[in-house]
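Asks: have a look; sequence and predicted model below, questions after that.
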Amino acid sequence: MKMPPKFRVGLLAAAIVMGCLSQANIRSMGTGQKEDDSTGIIRKEKPDRPKPRVKIQRAPPLSLQWWLMIRGRDCHPQEFDSKAAFAVDDMVRIGISVNQSGFLYVVLDSKPGDLGTLIFPDPRINRGNNLVRKNTPVILPNNCPLPESRDSDCPRDVAMAADCWWRITKRYRGDITLIFSREKMNEFESLMGKAGARPEGTMDLPRLPSGLLERIKRETVPEQDLRITEARPQPGAMGTIVSNLTTKVTNTNLRDNEEIIETITLKLQNR
């Protein structure tokens, strides 16, 4: 899909065009998440977030599932093993599903010492709304500008509005950090308020020092409290695939169950 230069998306720079939350419009991917049994969660007050309205909440521990997709030759999304390596110019999406409603933040983290970019929520889109609904898959990115002309490689059943991807560049370095919280996180909300983003530009996405992101990681949820499980495709009774290549992250600490942090490192082929 050809786009004007200012709208071409890549995983490298702050010039990334980020989508808003919306329900997945592709085949069911990651929607088979089974919710854990509810239990007593002791709500913990955090300095940068609104005070919880209750002290004890009956709910399952927070969990988040994510999966990767790659743009196939027919322009349709295909699942991609997170342990495999991408090639330069591959087109990528990330799918996310959570077991409770909350707020999602996504940071493109660059090399140590450089500024990272808060690529979601985007203050220019949907007024920066980043509320994620329980068990409702979302795809990032999902709101790129329409191209001037249709990609001749795409069949007619592919809507150009849905053909929205990140492009892997040869200069790509860094990680993608997903932060899911029961409450809004004021530090990120403040960054959005200061961004002053304009609809016609892409350079005004909020930036944050790598040290700030590392501090947020340290002060939120200890790594030992996160349980990570991976699901592999399994055939159902009729021979169809009923589960997908997903990674599930669960916060197991019932006394500090306010958020989940997951860092995704995309591998790049050596060429």
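Replies: That came in fine, so what should we check first?

Asks: please count neighbours and contacts with C-alpha atoms only from this point.
Replies: Noted.

Asks: what sits opposite I41 in the beta ladder?
Replies: Counting by DSSP bridges, I41 is bridged to Q57.

Asks: and the gap between it and M185?
Replies: Applying Cα to Cα, to the nearest Å, the value for I41 to M185 is 19 Å.

Asks: go on, D74?
Replies: 40 Å.

Asks: which of those two has more residues huddled nearby?
Replies: Using other Cα atoms under 10 Å, the more surrounded residue of D74 and M185 is M185, with 19 against 11.

Asks: next up, the contacts around that one.
Replies: Shown in contact with M185 (Cα atoms under 8 Å, 6 or more residues apart in numbering): D48, R49.

Asks: tally of neighbours for N270?
Replies: So N270, with other Cα under 10 Å, has 9 neighbours.

Asks: from I216, how far off is it?
Replies: N270 sits 32 Å away from I216, going by Cα to Cα.

Asks: put the alpha carbons of the strand or helix carrying W67 into CSV.
Replies: Remark: W67 resides in strand 63-71, with elements defined by DSSP states H and E. Presented in CSV, the C-alpha positions along strand 63-71 are these (Å, rounded to 0.1, in the frame of the first residue of the first chain):
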residue,chain,number,x,y,z
SER,A,63,-4.0,-10.8,32.7
LEU,A,64,-3.0,-9.6,29.2
GLN,A,65,-2.6,-11.6,26.0
TRP,A,66,-0.7,-10.4,23.0
TRP,A,67,0.1,-11.8,19.6
LEU,A,68,1.9,-10.8,16.4
MET,A,69,0.6,-10.6,12.9
ILE,A,70,2.4,-10.1,9.6
ARG,A,71,1.0,-8.9,6.3
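
Asks: now it: average pLDDT?
Replies: Regarding strand 63-71, the rounded mean pLDDT is 93.

Asks: could you pull out the buried residues of the next helix or strand after it?
Replies: Using DSSP H and E, the next helix or strand after strand 63-71 towards the C-terminus is strand 77-80. For strand 77-80, a neighbour-count test (16 or more other Cα atoms under 10 Å) marks P77, Q78, E79, F80 as buried.

Asks: mind putting the residues you listed in a markdown table, pLDDT and distance to P141 included?
Replies: Shown next, in a markdown table, are the buried residues of strand 77-80 (pLDDT from 0 to 100; distance: Cα to Cα, whole Å):
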| residue | pLDDT | distance to P141 |
| --- | --- | --- |
| P77 | 87 | 13 |
| Q78 | 87 | 15 |
| E79 | 87 | 16 |
| F80 | 88 | 16 |
